[in-house]
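Just need the structure, nothing else, for what follows:
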Amino acid sequence: MPTRDELNSTPAIVKILTSKQFVAGWKPPNFLVDGIFQKGFIYSLTAKAGSGKTAIALTLAALVALGRPLGERTVERGKVLYFAGENPDDIRTRWLLLAEKMDFDPTAIEVNFIPTAFPMEQVIDQVKKGAKDKGPYALVIIDTSAAYYSGQDDNANVEMQHHAETLRSLTDLAGEPCVIICAHPAKGGDIQVPRGGSAFLNAIDGNVYLEKKDKVAWLKQHQKFRGPEFSPITFELVSVMSSQRRDAQRRPIRSVMAVAVAGNEVHERSSSLDLMALRALQEKPGRSVSDLAKAVGLQPDGSGRGKMNRLLQRLEARQLARRGDDGHWRLAKEGAKALRLQ
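Residues are numbered from 1 along each chain as shown. Modelled structure (predicted):
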């Protein structure tokens, strides 16, 4: 997309097309996340600090690299480029814990990171050159917009428009990636709108925002969104503890991960379905997902197994259940303790 300065400096070329010529330029939507995010499009993910932006962004990065679904939505598998400029040490820790909980190898997964902040507008050509050698990419995540801003005031609409236009050029990388910009809301304004307001929004394809209550965050569609309408995506923000890595005082490191769940699947630890699953694991260790689905009253088909998988991921994140090397599930020590307290 050309900038306003480029448009103003370029002689106008007027072409009048027939309807046939006009519709011949149509391209079918190419969804990275089915029904939400399209490849070649740029979006902002707006939320206040502490709402789960980074946790959700890292989960999206892993799901795309692994080709795993987001809840019930399919995800196209592809390489990811993650700009971790705001807090690379925190993101490094979160990524290692996410690898444990999602069972992937952080040394082999197809995700590249840029662990530094810089004024994007000044080095965009260098970024594109490096990405050309490392790509192609399906997804690019900017965490956060402020870490790569070249101006003086990220509430200045004109400067933020130029910033958005610079970031949009990342959709031209090999692979025509979807670009998602983690953004803080406008200072003292609407918490659903990123800094830069309408000028920033007009330079991108869509804005999604987070609403958070307790340990649940809802990813919602803002009114500025090019694409089909979608229902809010529910994420449970789960506190997790590493079984492999410790801090300098030899304490297990902890963080927060985002687990996508159906809206009616957000349970407290003592929920009946969770307890039924824990009791099933206690009665018969090493059960398969299909077997567990039957035990708690779910259908052992694709839908039932999907629901059971999400439930088990929550239990594992809470240290209540664990998956063995054989892929089967067993009761963890904390799970046995939880059952004794019932």
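
And the next helix or strand past the biggest strand by length in the chain?
Longest strand in the chain, counting residues (DSSP state E): strand 233-246. Counting by DSSP states H and E, the next helix or strand C-terminal to strand 233-246 is strand 252-261.

what's that next one in contact with?
Residues lying outside strand 252-261 but in contact with it, judged by CB atoms under 8 Å, 6 or more residues apart in numbering, are 52, 55-56, 58-59, 70-71, 93-94, 96-98, 101, 217, 233-243, 245-247, 310, 313-314, 317. Just so you know, the C-beta spots here come from the backbone N, C-alpha and C atoms, and that holds for glycine as well.

Then stretch 241-249?
When contacts are defined by CB under 8 Å, 6+ apart, stretch 241-249 is touched by residues L96, L97, E100, P252, I253, R254, Q319.

part of a helix, is the third one?
Yes - assignment of E100 by DSSP: H, G, I helix; E, B strand; the rest coil places it within a helix.

going forward, begin numbering at 787 instead of 1
Done: numbering now begins at 787, and the last item shifts to E886.

Quick one, grab the pLDDT at it.
Per-residue confidence (pLDDT) for E886: 90.

go on, the fifth one?
In this model, I1039 is scored at 89, pLDDT.

now do the one 5 residues further on
Confidence per residue is given as pLDDT, and for A1044 that number is 93.

Please verify my assumption that N816 contacts G826.
Yes - here N816 lies in contact with G826, judged by CB atoms under 8 Å, at a distance of 6.7 Å.

Tell me which helix or strand H1008 sits in.
Element membership for H1008, per DSSP H and E: strand 1002-1011.

Now do that strand and strand 1019-1032, the angle between them.
Here the directions of strand 1002-1011 and strand 1019-1032 differ by 130 degrees (axes from the mean of the first three to the mean of the last three CA atoms, to 10 degrees).

what do N816 and G826 both touch?
If you check N816 and G826 against CB under 8 Å, 6+ apart, the residues they both contact are E962.

The two: who's more crowded?
G826 (16 against 12; other CB atoms under 10 Å).

which residues sit in contact with that one?
Applying CB under 8 Å, 6+ apart, we find G826 in contact with N816, T957, E962, P963, C964.

what about D939, how many neighbours?
Residue crowding around D939 was assessed by other CB under 10 Å; the count is 12.

ah, wrong one, I meant P1018
Counted with other CB under 10 Å, residues neighbouring P1018 total 14.

Make sure it is actually in contact with L1005.
Yes - under the criterion of CB under 8 Å, P1018 is in contact with L1005, at a separation of 6.3 Å.

picking that back up, out of the contacts of G826, grab the one that's most surrounded.
That'd be C964 among the contacts of G826, by other CB under 10 Å, with 30 neighbours.

Quick check: the gap between the nearest residue to it once chain neighbours are set aside and Q1068.
Nearest in space to C964, with sequence neighbours left out and distances taken as CB to CB, 6 or more residues apart in numbering, is L818 at 4.5 Å. Using CB to CB, to the nearest Å, one obtains 40 Å as the distance from L818 to Q1068.
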